[in-house]
Every structure is written in C-alpha cells, then in structure tokens.
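[1] just the structure for this:
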Amino acid sequence: MKKFNILLLFSMMAFIAFMNTTTAQIWEPEGLSLPGQWNGWTNPPTNNLALASYTQVVGGQVTKISNGTNAHWQTKLYAAPVGGDVVGGSYDWLFTSGPGGNPWANKWAGVNVTLNSIQNYSFNSGADNHVTLTNDKWYTINWEDIGYMNTRAIFMETTNQPVVINSVSVPVTILPNTAVGITVTTNATPSPEEIIYVRYTTDNWVTSSLAPATFVGSNGTASIPGFATSTTVKYYAFSTTMAGLSTDYDLQTINLNTNGGANYSYVVGSAPVSTIGWCNLQWPASGNIEVGQTFNVYGQVWIDGVTNFAGQGANVQAWIGYSSTNTNPGTWVNWVPAAFQGDAGNNDEFVANLGAAIPAAGNYFYAYRYQYMSQAYSYGGFNGGFWNGTSNVSGTITVANAVPISNWAFAAFGLFALTFIIIRYRK
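    Model prediction:
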C-alpha cells in the first residue's frame, strides 16, 4: 500500500512537472540565449552580451518583458563592420535555454528568417535557424514565451537605433463625442520603418484599437476618436515596424510607454456650458437729447459656440440700463430690454432706444447688460469689453426738457410781427 501511494505521488508530481513545462513559461534563471555562427557557437554567449540572457550572463541583454498578453524575451542587435553587435552577413543560430551545465537542453529551430514577419519555431527539432543581416541596420528580436513547446518569434529591422518613447500626454478637458489629440515624444526622430501607435480601449482591453501617430521630428500626435460622457479610455504608446496591426501587439512591439505599467487614462466629461466670453457697450459713447427723443444705443456680446452662428444665439438676452450716478451697473435698477440687431462677425449685436426709457431731464450714465441662459449677468462698457469703471466705462447722456409748442408759436408770431413792422417802416 505504501509503495502504491509513493508511486501515485511520483506520478502526480511528474504530471504536474509535465504540465508546467508544456504550458508555463521557460524557467527564468536559465533564460533565453541566441548562440550561433555570429559568436562562434559559444553558449552561454559570454562573448556577446546582445545574444546572452540577463539571468544567466552578467550584463546579458536578452531581457524578459512580462507586460501584455504573453511574456516575451527581447534583444536588439546592431549590425556593423566595426562597433556593432555582429557584422552584417548570413548566419546559422538557435534559440536556447538550459542550465549552465547543459545550456543546449532546450532549443527552438527550423526557421529561415523573413524580416518583419512572425514565424513559427519548432521545439527541440528542425535544422538550425538561418538569418541574413545588413550592415548599419538595427534588429529587434522578440521571442514569445509560452514554455517548452513550439513558439513564435520576429526580427524587426530599422535603419537607426529604435527610438525610446519619452512621454505620452494626458488630456485635461475631454468633451463628449469629440476626438482627443494625444502627444507622443521620442528621444529622436523615428526611423522611416518605425511606426508609433497609441493603442486604446474602452472595455479594459477586452477589445482595443490603434491610432497611428504622425511625427514631425521627435514629436508625434495621434487622435483617439470621441466617446460618450463617462466613458473611461485607457491607452499607451508603442513602436513597431508592422503596419495594419490587428493582433499580437505585444509580440510586435519594439519599445513602449505604459506609464510604468499602469497605462494612461481619462474619463470623458460632460460638455462644459458655454459662458459669456466678451461683451461691451458698442456705441455711442455719449449724447444729448430732449426728453422723449430717440437715442439708439448698441451693444455686442460673444459666447463661443452660441453667437458665432448666423442669427441670434439661443437663450441670449440683452438690456440697456441707466442711472443718475456713475456707479457699478450691477447696482442699477433701471433696465430696458434690447432687441437683436444682427450678427457682427462672431458677436450678436443688440439695440435699444434709451431715449424712450428716460422719463425726465438730467445727466445720466448708461451701460449694457447680458445674460446667457440663467447664468449671472455680464456688463459691457464702452467699448473694449466688460465694464470695469476705468478702461471700459459707462456712456453719458444729457437729457433736456423740450421747449413747449406754445412758446414756439409765440416766438414765431413775434418774429413775424417784427419783420412786418420793419418792412412797413422802410416803405
């Protein structure tokens, strides 16, 4: 019975080990290396750090990248006659992983590399891999880590060293259903082959889409389309040589900026209510009339998104007010509705007959008052903008009593009589 239990235990442990080696990732301490003709088949590649796992060789540059759907290992090779990681040419080589005593324990082979293409590598079978590299080119190599089984890898070629994505902007004001511009900056101008994308999602990466960034020098801009209010948009930026991506984003990524793994995000807000951005007392600045005479006063108001269309802006009201004291118009009590006069560029212009509103002779001050929807009143002074009592002030008007008609008639009769007497005397 004890033997049976021991046998069962070992069987279970073997099965678990088998499952781990066939479905998990490779054992990280053994890492991933790329020995081949380019380094004399030395393994681990202590003589070429660009081909050596960072977990196995001090300073090794083949690095595990764990973010994204599947982890992958990455290295970058510079091919050059002098000063490169390798010299341009054709080479046989392998992906390998194993302990220091047996670095060839696991290998992936059977591929004649086609640049900028995801290819399938066989686990522990197949001829050595083969690749041709060109001098003065850079190669980013990504190997998909899905454990000890057949897997995939890609070589991406660029003219210059791949750029680093230094920053990705976060918008402050996001209007509903309005596209959002995202600025991406890099440490240098991207190579002609490099494409910078902003990848975004509205369902926490269940689905995602790409917005390509257009670059001028090291500054690029991508446009994320508009979404409804309260939508959470998450995004990050990455570089690749592959156009038209629709899957395997991580495996085809050269460099990326994910905000330290947290990703960038914003929430679409409600559209801000427009407010009065400018208003004035247009003209005249002053005048003299008699009681009851017409004295038209004009004023203009600008509300972005409201008055800059043909016709009167909706929910915009205007008044002309007057006072016998030169005080802040906000304290005045006498206000007369003004009528829409017409469009004045992006402004709405109003007019009101102030002369018909002032009941008695005297010296008065006048200004315009505006209101959008139920917001607070805004007051316009002559003629530069909001009333402030110094540079934009109230207009002034002197109103005199009208001369009675009877007095005019008497004066006219007297003048006629005097003229008649003079004419008769001369005769």
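
[2] okay, CA-based contacts and neighbour counts for the rest of this
    Will do.

[3] domain parsing of the chain, as residue ranges.
    21-158, 165-267, 278-400 (automatic domain parsing).

[4] tabulate the ones you listed (a markdown table), appending mean pLDDT.
    Listed next are those as a markdown table, based on pLDDT from 0 to 100:
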| stretch | mean pLDDT |
| --- | --- |
| domain 21-158 | 95 |
| domain 165-267 | 96 |
| domain 278-400 | 96 |
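
[5] can you put those domains in a markdown table and add mean neighbour count?
    Listed next are the domains of the chain as a markdown table, based on neighbours: other C-alpha atoms under 10 Å:
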| stretch | mean neighbour count |
| --- | --- |
| domain 21-158 | 19 |
| domain 165-267 | 17 |
| domain 278-400 | 19 |
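
[6] give me the contact list for stretch 250-259.
    The contact list for stretch 250-259 (C-alpha atoms under 8 Å, 6 or more residues apart in numbering) reads 68-70, 72, 140, 142-144, 153-154, 156, 162-168, 235-242, 264.

[7] in strands only, show me the residues you listed.
    Those of those mapping onto strands are 72, 140, 142-144, 153-154, 156, 165-168, 235-240, 264, per DSSP state E.

[8] for the stretch 1-150 of the chain, what spans make up the helices?
    Under the criterion DSSP state H, counting those that start in this stretch, the stretch 1-150 of the chain carries helices at the ranges 2-23.

[9] hmm, Y121 and N150 touching each other?
    Yes. In this structure, N150 is within contact of Y121 by C-alpha atoms under 8 Å, at 5.7 Å.

[10] identify the contacts common to these two.
    W108.

[11] could you export stretch 220-231 as CSV, CA atoms only?
    The C-alpha coordinates for stretch 220-231 follow below in CSV (Å, rounded to 0.1, in the frame of the first residue of the first chain):
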residue,chain,number,x,y,z
GLY,A,220,4.1,63.0,-32.8
THR,A,221,0.3,63.3,-32.5
ALA,A,222,-2.3,60.6,-32.5
SER,A,223,-6.1,61.1,-32.5
ILE,A,224,-8.4,59.0,-30.3
PRO,A,225,-12.0,59.2,-31.5
GLY,A,226,-14.7,60.7,-29.4
PHE,A,227,-16.8,58.7,-27.0
ALA,A,228,-19.9,59.3,-24.8
THR,A,229,-19.9,61.0,-21.5
SER,A,230,-18.4,59.0,-18.6
THR,A,231,-16.5,56.6,-20.9
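
[12] what's in contact with it?
    So stretch 220-231 is contacted by 175-185, 197-198, 200, 202, 211-215, 267-270 (C-alpha under 8 Å, 6+ apart).

[13] and Q74, how far from T202?
    Using C-alpha to C-alpha, to the nearest Å, Q74 is found at 29 Å from T202.

[14] check contacts around L34.
    L34 touches 45, 51-52, 93-96, counting by C-alpha under 8 Å, 6+ apart.

[15] please read the previous query as pertaining to V198.
    V198 touches 210-213, 222, 235-238, counting by C-alpha under 8 Å, 6+ apart.

[16] quick one: which of those is nearest N280?
    A222 (39.8 Å; C-alpha to C-alpha).

[17] mind listing what the residue nearest to S324 when sequence neighbours are not counted touches?
    Setting aside the residues directly before and after it, S324 is nearest to Y364 in space (C-alpha to C-alpha, 6 or more residues apart in numbering), at 4.6 Å. Under the criterion of C-alpha under 8 Å, 6+ apart, the neighbours of Y364 are 322-325, 396-399.

[18] try it again at 7 Å.
    By C-alpha atoms under 7 Å, 6 or more residues apart in numbering, the contact set of Y364 is 322-325, 396-398.

[19] R199 now?
    208-211, 235-237.

[20] ok but it is inside a strand, no?
    Yes. Under DSSP: H, G, I helix; E, B strand; the rest coil, R199 falls within a strand.

[21] returning to that earlier point: quick one: secondary structure of the residue nearest to S324?
    strand.

[22] please tell me how far L251 sits from A52.
    19 Å.

[23] same check, this time on Y322
    Per C-alpha to C-alpha, Y322 is found 86 Å from A52.

[24] then G98?
    12 Å.

[25] got CSV for the contacts of L34, with distance to G83 too?
    Below are the contacts of L34 laid out as CSV (distance: C-alpha to C-alpha, whole Å):
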residue, distance to G83
P45, 18
L51, 15
A52, 18
W93, 21
L94, 23
F95, 24
T96, 25
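
[26] how far is stretch 250-262 from where the chain is centred?
    Averaging C-alpha coordinates over stretch 250-262 and over its chain gives two centres that are 19 Å apart (C-alpha atoms, centre = their mean, to the nearest Å).

[27] using PDB, write down the CA coordinates of it.
    Written as PDB, here are the backbone C-alpha positions of stretch 250-262 (Å, rounded to 0.1, in the frame of the first residue of the first chain):
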ATOM      1  CA  ASP A 250       3.000  42.800 -27.700                       C
ATOM      2  CA  LEU A 251       5.000  40.300 -29.800                       C
ATOM      3  CA  GLN A 252       5.400  43.000 -32.500                       C
ATOM      4  CA  THR A 253       6.400  45.800 -30.100                       C
ATOM      5  CA  ILE A 254       9.900  47.300 -30.200                       C
ATOM      6  CA  ASN A 255       9.600  49.900 -27.400                       C
ATOM      7  CA  LEU A 256       6.600  51.100 -25.400                       C
ATOM      8  CA  ASN A 257       5.500  53.600 -22.800                       C
ATOM      9  CA  THR A 258       2.700  52.300 -20.500                       C
ATOM     10  CA  ASN A 259       3.000  54.800 -17.700                       C
ATOM     11  CA  GLY A 260       5.000  52.400 -15.600                       C
ATOM     12  CA  GLY A 261       2.600  49.600 -16.300                       C
ATOM     13  CA  ALA A 262      -0.500  51.500 -15.100                       C
END
